[in-house]
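J.: Sequence and predicted structure below; questions after.
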Amino acid sequence: MPSAKVPRQKYEDFRADAEREENSIPLRIEAYFHSLFHLIELVVAQWGIHINQHQFVRRELEGHPEIFGERTRPVWEGFQEIENRIRPGQVYGGRVNGENLQRTQEIYAQVEAICLEVLRERED
């Protein structure tokens with residue numbers, strides 16, 4: 001089974017960076033993105049799976065529906081919304097604004113809640 005130590009630490013570190021209000025909006029969104037990837041990686045590691053690259057999140061989650069069950073789609077859709085719709089415009093483009101940060105935070109909270117719930121279920 002892949003080690004959970006590294007993704008857990010990265011999830012927590014990136015989350016802390018994302019929550020630092022003194023960081024720029026693009027940096028915070030990027031940090032939420034990385035934090036969420038490592039949290040998903042932490043969850044799938046409980047089943048002996050390693051996603052390895054953020055581009056493979058959907059493929060791996062759909063290929064292993066036993067991990068999230070009926071919550072699979074909301075996890076990969078939320079992740080992809082940050083990855084493909086919000087993040088590029090904030091990090092690479094000129095559309096930096098607080099609304100996108102707020103939307104990122106909303107998605108992050110939803111996906112994080114699902115991931116933490118699955119981790120708790122796995123521990124029981």
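T.: Nice, thanks for sending it over.
J.: quick one: low-confidence ranges for this protein?
T.: Along the chain, segments meeting pLDDT under 70 span 1-3, 95.
J.: Recalculate using a threshold of 80.
T.: Low-confidence segments of the chain (pLDDT under 80): 1-4, 91, 93-97, 124.
J.: Of all residues in it, which one is nearest the centre?
T.: Nearest to the mean C-alpha position of the chain, counting by CA atoms, centre = their mean, stands Leu36 at 1.8 Å.
J.: Now do the same contact list for that residue.
T.: Leu36 makes contacts with Tyr11, Gly78, Phe79, Ile82, Tyr108, Val111, Glu112, as judged by CB atoms under 8 Å, 6 or more residues apart in numbering. In this view, the C-beta of every residue, glycine as well, is placed from N, C-alpha and C.
J.: change it to 7 Å
T.: Shown in contact with Leu36 (CB atoms under 7 Å, 6 or more residues apart in numbering): Phe79, Ile82, Tyr108, Val111, Glu112.
J.: what's the burial count for the first one?
T.: The criterion is other CB atoms under 10 Å. On that basis, Phe79 has 22 neighbouring residues.
J.: What sits closest to it if chain neighbours are left out?
T.: Val57 (5.3 Å; CB to CB, 6 or more residues apart in numbering).
J.: For that neighbour, which residues are in contact?
T.: When contacts are counted by CB under 7 Å, 6+ apart, Val57 touches Ile40, Ile51, Trp76, Phe79.
J.: ok, it to Glu21 distance?
T.: According to CB to CB, to the nearest Å, Val57 stands 28 Å off from Glu21.
J.: Could you do Glu83 as well?
T.: From Glu83 to Glu21 the distance is 23 Å (CB to CB).
J.: follow-up on the earlier one: among the contacts of Val57, which are in helices?
T.: Among the contacts of Val57, DSSP state H puts Ile40, Trp76, Phe79 in helices.
J.: any chance of those in TSV, plus distance to His64?
T.: Formatted as TSV, the ones in helices among the contacts of Val57 follow (distance: CB to CB, whole Å):
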residue	distance to His64
Ile40	11
Trp76	11
Phe79	15
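J.: ok, of those, which one's closest to Pro65?
T.: When the ones in helices among the contacts of Val57 are ranked by distance to Pro65 (CB to CB), Trp76 comes first, at 11.1 Å.
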